[in-house]
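*Asks:* I would like the atomic coordinates for the input below:
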Amino acid sequence: MIAENQTFTKKRIQLDGASFINCTLRECRLVFSAFMRFELTGSSIQNCGYDFEGPAMETVRFMKTIYHAGGDGAALIESIFEDIRRPPVPPKTH
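*Replies:* Below is the predicted model of the structure:
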């Protein structure tokens, strides 16, 4: 699915393999399975819920288990979140 300049309201949206360019997703249920990449360029997400399925859910479970396992697991997960909080670097143009 490729969507551009559209508004989606109260929809269940499978993110895998989808591209949303300059779209608004409002009060939707966003589902991510991690089978394929997705794109959200210039789009706005407003009051949406999230569901993780398949490999994505297993990744969340892994991160939770490592975080609570003791040792340096919590530091690993915290470093991942620190990286997530940093703004993305725009791609270089030649």
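*Asks:* where do the domain boundaries of this protein fall?
*Replies:* Per the record, the chain has its domains at 1-52, 54-88, by automatic domain parsing.
*Asks:* roughly how far is the longest one from the heart of the chain?
*Replies:* Relative to its chain's centre, domain 1-52 lies at 9 Å (C-alpha atoms, centre = their mean, to the nearest Å).
*Asks:* mind listing the strands for the chain?
*Replies:* For the chain, strands defined by DSSP state E occupy the ranges 2-4, 7-9, 12-14, 19-21, 24-26, 29-32, 39-41, 44-46, 49-52.
*Asks:* nearest to residue 71, of those strands?
*Replies:* Using C-beta to C-beta as the measure, strand 49-52 is the one of the strands of the chain that comes nearest residue 71, at 24.9 Å. C-betas here are computed from N, CA, C, even on glycine.
*Asks:* list of residues touching that closest one?
*Replies:* 28, 29, 30, 31, 32, 33, 59, 60 (C-beta atoms under 8 Å, 6 or more residues apart in numbering).
*Asks:* can you name the two of those residues that are farthest apart?
*Replies:* Longest span within the contacts of strand 49-52, C-beta to C-beta: 28 and 59, 21.5 Å.
*Asks:* and the two? Which one has more around it.
*Replies:* Higher neighbour count among residue 28 and residue 59: residue 28, with 19 against 13, using other C-beta atoms under 10 Å.
*Asks:* and residue 81, how many neighbours?
*Replies:* Neighbour number of residue 81 under other C-beta under 10 Å is 10.
*Asks:* tell me the pLDDT of it.
*Replies:* Residue 81 is assigned 93 on the pLDDT scale.
*Asks:* distance of it from residue 15?
*Replies:* To residue 15, residue 81 is 20 Å away according to C-beta to C-beta, to the nearest Å.
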